[in-house]
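Participant: Just need the structure, nothing else, for what follows:
(one chain, ligands or ions: 1)
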Amino acid sequence: MQQTKTIQYQVLDSLQELSVDEQKHIQNAQAQTQNAYAPYSNFKVGAIVVLEDGSHVIGSNQENRAYPSGLCAERVALFAVGAQHSDKKIKSIYIAAKGDLIEKDEMLSPCGACRQVLLESQLRQYLPIKIYLIGMNGKISIFDSVHDLLPFAFGM
Ligand code: THU
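Facilitator: Down below sits the predicted model:
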């Protein structure tokens with residue numbers, strides 16, 4: 001039997017339609033690409049995790065000459081939240097990148113492992129996490145829940 005599953009997300013052409021706080025987090029995520037340590041891929045990713053009290057935790061990808069020892073920006077930030085702020089819920093995550101690994105017009109999208117970690121963060125707090133993917137072409141894709149990024153997840 002044929003089945004259909006729908007995911008939802010929104011694409012904005014620019015920052016103008018967003019609140020001042022959202023714009024600030026987007027700019028911060030873009031700025032965090034500068035803290036990436038990415039000498040092997042030259043692909044720099046910045047992440048901002050916003051907590052329920054309005055504070056935020058930063059992340060950027062940290063690579064290693066033993067490639068699998070490195071970590072994506074999203075997981076650097078999410079694990080820091082788990083280690084330092086496990087009493088607070090996550091409202092949203094903003095992800096930006098700089099580099100040639102994807103086309104300028106391609107949507108920046110977290111890797112499968114980061115999606116699984118995002119899902120764990122969402123499930124442990126019983127509250128959806130909003131995800132802002134900041135394209136290099138200025139477009140912003142917004143997902144209201146990790147389930148829209150990771151349908152058919154393991155453990156949902
Ligand atoms: N990377 C991230 O930090 N986040 C993603 O969502 C995708 C990929 C990093 C991992 C590696 O350091 C570089 O980008 C190239 O894959």
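
Participant: how about the strands in this protein?
Facilitator: Chain-ordered strands for the chain, with DSSP state E as the definition, fall at 10-12, 44-51, 56-60, 90-98, 130-134, 140-143.

Participant: Pull the contacting residues for the residue nearest the centre of the chain.
Facilitator: Centroid check for the chain by C-alpha atoms, centre = their mean gives I95 as the closest residue, at 4.0 Å. Counting by C-beta atoms under 8 Å, 6 or more residues apart in numbering, I95 touches A29, V45, G46, A47, A73, E74, L108, P110, I131, Y132, L133, I134. All C-beta spots, glycine's among them, are computed from the backbone N, C-alpha and C.

Participant: Quick one, which of these has the minimum pLDDT?
Facilitator: For the contacts of I95, the weakest pLDDT value sits at L108, with 88.

Participant: Go ahead and confirm that one touches K139.
Facilitator: No: between L108 and K139 there is no contact under C-beta atoms under 8 Å: 9.4 Å.

Participant: These two: which is more packed in?
Facilitator: L108 (19 against 15; other C-beta atoms under 10 Å).

Participant: give me every residue that touches that one.
Facilitator: With contact set as C-beta under 8 Å, 6+ apart, L108 has these partners: I95, A96, A97, I102, L133, I134, G135, M136.

Participant: Just the buried residues of these.
Facilitator: Listed as buried from these are I95, A96, A97, L133, I134, G135, M136; burial here means 16 or more other C-beta atoms under 10 Å.

Participant: out of those, what pair is the most spread apart?
Facilitator: Across these, the longest distance by C-beta to C-beta is 11.8 Å; it joins I95 and M136.
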